[in-house]
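# okay, here's the prediction I keep looking at, along with the sequence it came from:
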Amino acid sequence: MKRVAVLTSGGDAPGMNAAVRAVVKAGLARGWQMIGIMQGYVGLIANDVTPLGYRDVGGIIQQGGTILGSSRCPELRTEAGRQKAIQTLSQHSIDALVVIGGNGSQTGAYELSRMGVRVIGIGSTIDNDLVGSEMTIGVDTALNIALEAIDRLKVTASSHHRAFIVEVMGRECGYIALVAGITGGAEAVVLPGDGSLDPDALALHLHECYSLGKRHALVVVAEGAHWNGRKLASYFHEHHSDLGFEMRLTILGHVQRGGSPGAFDRLLASRLGAAAIERLAADEQGVLVGLAGGRVEATPLADVAGRTKPLDLSLVELAEILAK
Ligand code: F6P
């Protein structure tokens, strides 16, 4: 008999609930006791725990957000905070912890594993910037939400002969911007690390789109880009009021995080949740379960912590070709 705790941490992502459900059901199926930690690492430090049975995870696979609650927890970055977290685990005789979350959360998981906690990570963030999983839970749904917004903006842009700057989330990674740009048929994509972007050249490109007879133009901008949505919009208003198109700005923000998970995220979360329990049963620990070549694989948390997955350059090239 094992006692296994599960928590969700960092920015919520559609599919987190499906992952909690899979972890709990897979653990219960082995006869283990399952425990939920409320509000991520904040709850772990504050000793906020609750037993989880089949009924507690019933009817949640389709729900966005996380029934366990989530948080960002600066205290876990301190030795004292981690000691309190470990105290909670030992007070409840918890043998292992499953951490569902993104970069910061898995770095925290790694630190705990270095202090002797048996931890398994599950990659879940809309940013898709986690080393160890080619797709993380929530990315696909967040992308589809961004895409729906982009499609709608295109319609109104066409009616009014306007250009839209659409800023999407994704931190310093830019994955959402890149893929939403390609799949949304954007006229331009602005990515983080694009320090050399010349806003005047971009303005010229948009003007050419207008001259070619396009009825709208769409620029998808990553929130982490040097030329983020606000900066770019105000530069255009100041220096390029002659684009042909009237320019508008939409910042999608947290709308991208709140959706009901699509089939891809529900399946990924279910697979990764069950895999986390399988790894624990096989006496593994200190790894992140993620997707590699379509298969569920484990990567040492040491290789995941503190790193960011780079963008696929072939997709960057594709975005440039298709933006013409
Ligand atoms: O990491 C997920 C994410 O949504 C990022 O894309 C975004 O920059 C950040 O979280 C926003 O964080 P918060 O919800 O804490 O403001």
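Noted; the coordinates are in hand.
# tell me the mean pLDDT over stretch 67-82?
For stretch 67-82, mean pLDDT rounds to 98.
# buried sites along it?
Along stretch 67-82, these residues count as buried under the neighbour rule (16 or more other Cβ atoms under 10 Å): 67-71, 73, 75-76, 81-82. Any C-beta I mention is one placed from the backbone N, CA and C, and that applies to glycine too.
# helices - which of those residues land there?
With helices defined by DSSP state H, the entries of the buried residues of stretch 67-82 inside them are 81-82.
# and whatever helix or strand residue 247 lives in, how far out from the chain's middle?
With secondary structure defined by DSSP states H and E, residue 247 is part of strand 246-251. In this view, strand 246-251 has its centroid 25 Å away from the chain centroid, taken as Cα atoms, centre = their mean, to the nearest Å.
# hang on, the earlier thing: in CSV, list the buried residues of stretch 67-82 along with distance to residue 123.
Shown next, in CSV, are those (distance: Cβ to Cβ, whole Å):
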residue, distance to residue 123
67, 19
68, 17
69, 19
70, 15
71, 18
73, 18
75, 23
76, 18
81, 23
82, 21
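# can you show me the helices along this structure?
Along the chain, counting by DSSP H, helices occupy 16-29, 40-45, 79-91, 103-114, 139-160, 175-183, 199-211, 229-239, 263-281, 301-304, 313-322.
# export those helices to TSV and tack on distance to the ligand?
Converted to TSV, these look like this (distance: least, Cβ to the nearest ligand atom, whole Å):
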stretch	distance to the ligand
helix 16-29	12
helix 40-45	12
helix 79-91	18
helix 103-114	8
helix 139-160	8
helix 175-183	7
helix 199-211	22
helix 229-239	13
helix 263-281	14
helix 301-304	15
helix 313-322	18
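# residue 218: which of these is closest?
In this view, these are compared for proximity to residue 218 by Cβ to Cβ, and helix 139-160 is the closest at 6.2 Å.
# so which elements touch that closest one?
Under the contact criterion of 3 or more Cβ pairs under 8 Å, 6 or more residues apart in numbering; DSSP states H and E, helix 139-160 touches strand 162-168, helix 175-183, strand 217-222, strand 246-251, helix 263-281.
# quick one: average confidence on that helix?
Averaged across helix 139-160, pLDDT comes to 97.
# which parts of that helix are buried?
Buried residues in helix 139-160, counted by 16+ other Cβ under 10 Å: 139-147, 149-150, 153-154, 157.
# now the angle from it to helix 175-183?
Interaxial angle of helix 139-160 relative to helix 175-183 (axes from the mean of the first three to the mean of the last three Cα atoms, to 10 degrees): 50 degrees.
# angle of helix 139-160 against strand 162-168?
Angle of helix 139-160 versus strand 162-168, following the same axes, to 10 degrees, is 160 degrees.
# pull helix 139-160 out as CSV, backbone CA atoms only.
What follows is helix 139-160 as a C-alpha-only set of coordinates in CSV (Å, rounded to 0.1, in the frame of the first residue of the first chain):
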residue,chain,number,x,y,z
VAL,A,139,-1.3,23.7,-25.3
ASP,A,140,-3.6,22.3,-27.8
THR,A,141,-6.7,23.7,-26.2
ALA,A,142,-5.1,27.1,-25.6
LEU,A,143,-4.1,27.2,-29.2
ASN,A,144,-7.6,26.4,-30.4
ILE,A,145,-9.0,29.2,-28.2
ALA,A,146,-6.4,31.6,-29.7
LEU,A,147,-7.3,30.3,-33.2
GLU,A,148,-11.0,30.8,-32.7
ALA,A,149,-10.3,34.4,-31.6
ILE,A,150,-8.1,35.0,-34.6
ASP,A,151,-10.7,33.6,-37.0
ARG,A,152,-13.3,35.9,-35.5
LEU,A,153,-11.0,38.9,-35.6
LYS,A,154,-10.3,38.2,-39.3
VAL,A,155,-14.0,38.4,-40.1
THR,A,156,-14.5,41.8,-38.5
ALA,A,157,-11.1,43.0,-39.9
SER,A,158,-12.3,42.1,-43.4
SER,A,159,-15.6,44.0,-42.9
HIS,A,160,-13.7,47.1,-41.9
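# burial check on the residue of the stretch 101-250 of the chain found nearest the ligand, number of neighbours?
The shortest separation between the stretch 101-250 of the chain and the ligand is 3.4 Å, found at residue 169 (distances taken as Cβ to the nearest ligand atom). Around residue 169 there are 23 other residues, counting by other Cβ atoms under 10 Å.
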